[in-house]
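Enquirer: return atomic coordinates for the entry below.
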Amino acid sequence: LAVVLAGMILRYGPAGDGVMKMKFAGPIAFYGFVVAATWIDVIADELVALLTLLGTFLEIPGSVMGLTILAWGNSMGDLSADLTMARKGLGNMAITACFAGPIFNILIGLGMGFSFLRQKTGEATAQVTLLPSVATGFFFILCNCVIVLVSGLCLSKFLVPKQYGYVALGLYTIYVVVAVALQYSNYGDA
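Expert: Sure thing, here's the model as predicted:
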């Protein structure tokens with residue numbers, strides 16, 4: 001398959017400034033997307049394994065690694081895309097992506113995960129323990145949504161004020177401190 005695609009690129013690809021025909025560009029672009037996604041998956045797996053090993057050596061609980069280092073690493077692509085859109089004046093697109101990405105991850109990721117779990121175990125239900133740090137995260141997400149709705153819809157006539165960015169950074173900082181403190185307290189074992 002790789003040899004055939006390479007041959008198509010060499011034969012039908014533009015020789016410099018020409019434009020490739022769409023019937024060839026589409027499959028080649030799709031193949032490039034699949035290869036890129038595969039590399040990202042392989043590299044992400046290796047990074048998670050490396051960070052898990054680092055957390056084990058430093059005796060950092062897995063939940064703390066998850067809500068700090070792994071969460072930050074998982075979000076870097078979205079962060080750079082959102083910042084780029086905002087810098088180009090595409091604020092509506094950036095804020096929509098900020099909400100749409102996590103919604104997709106939660107609904108599709110959890111939905112598929114539980115579907116696979118049900119298929120594997122044959123059980124119709126699964127016992128899930130809600131850690132205090134996750135419940136804290138839900139609370140801070142709710143606070144953020146209320147702030148966006150009140151400041152953007154009610155107070156500023158559908159415009160989110162520039163000061164919201166500082167409020168969001170403050171909320172996130174408080175969340176990380178509270179969640180890490182909960183993980184190291186007696187409540188983190190619940």
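Enquirer: please report the distance of the most centrally placed residue in the chain from residue 157.
Expert: Closest residue to the average C-alpha location of the chain: residue 75 at 4.6 Å, with Cα atoms, centre = their mean. According to Cβ to Cβ, to the nearest Å, residue 75 stands 30 Å off from residue 157. (C-beta placed from N, C-alpha, C; glycine too.)
Enquirer: element containing residue 128?
Expert: Here residue 128 is covered by no helix or strand, with elements defined by DSSP states H and E.
Enquirer: please disregard the earlier target; I meant residue 123.
Expert: Counting by DSSP H and E, residue 123 is part of no helix or strand.
Enquirer: and for residue 146?
Expert: If you go by DSSP H and E, residue 146 is part of helix 132-148.
Enquirer: quick revisit: between helix 132-148 and the host helix or strand of the residue nearest to the centre of the chain, find me the angle.
Expert: Using DSSP H and E, residue 75 sits in helix 71-87. Interaxial angle, helix 71-87 versus helix 132-148 (axes from the mean of the first three to the mean of the last three Cα atoms, to 10 degrees): 10 degrees.
Enquirer: for the helix or strand following helix 71-87, packing partners?
Expert: Going down the chain from helix 71-87, the next helix or strand is helix 91-104, by DSSP H and E. Here helix 91-104 touches helix 71-87, going by 3 or more Cβ pairs under 8 Å, 6 or more residues apart in numbering; DSSP states H and E.
Enquirer: list the helices and strands the helix it packs on packs on?
Expert: With contacts taken as 3+ Cβ pairs under 8 Å, 6+ apart, helix 71-87 sits against helix 91-104.
Enquirer: which ones are touching residue 93?
Expert: residue 85 (Cβ atoms under 8 Å, 6 or more residues apart in numbering).
Enquirer: now residue 147
Expert: Contacts of residue 147 by Cβ under 8 Å, 6+ apart are 164, 167-168, 171.
Enquirer: lowest pLDDT pick from the residues you listed?
Expert: The lowest pLDDT within these belongs to residue 164, with 83.
Enquirer: okay, now the residue lying closest to that residue once chain neighbours are set aside: neighbour count?
Expert: Closest residue to residue 164 apart from its sequence neighbours, by Cβ to Cβ, 6 or more residues apart in numbering: residue 151 at 5.8 Å. When neighbours are counted by other Cβ atoms under 10 Å, residue 151 registers 16.
Enquirer: got it, and residue 182?
Expert: The number of residues packed near residue 182 is 21, by other Cβ under 10 Å.
Enquirer: returning to that earlier point: what sits up against the helix holding residue 75?
Expert: Identification of contacts with helix 71-87 by Cβ under 8 Å, 6+ apart yields 47, 51, 91, 93-94, 97-98, 101.
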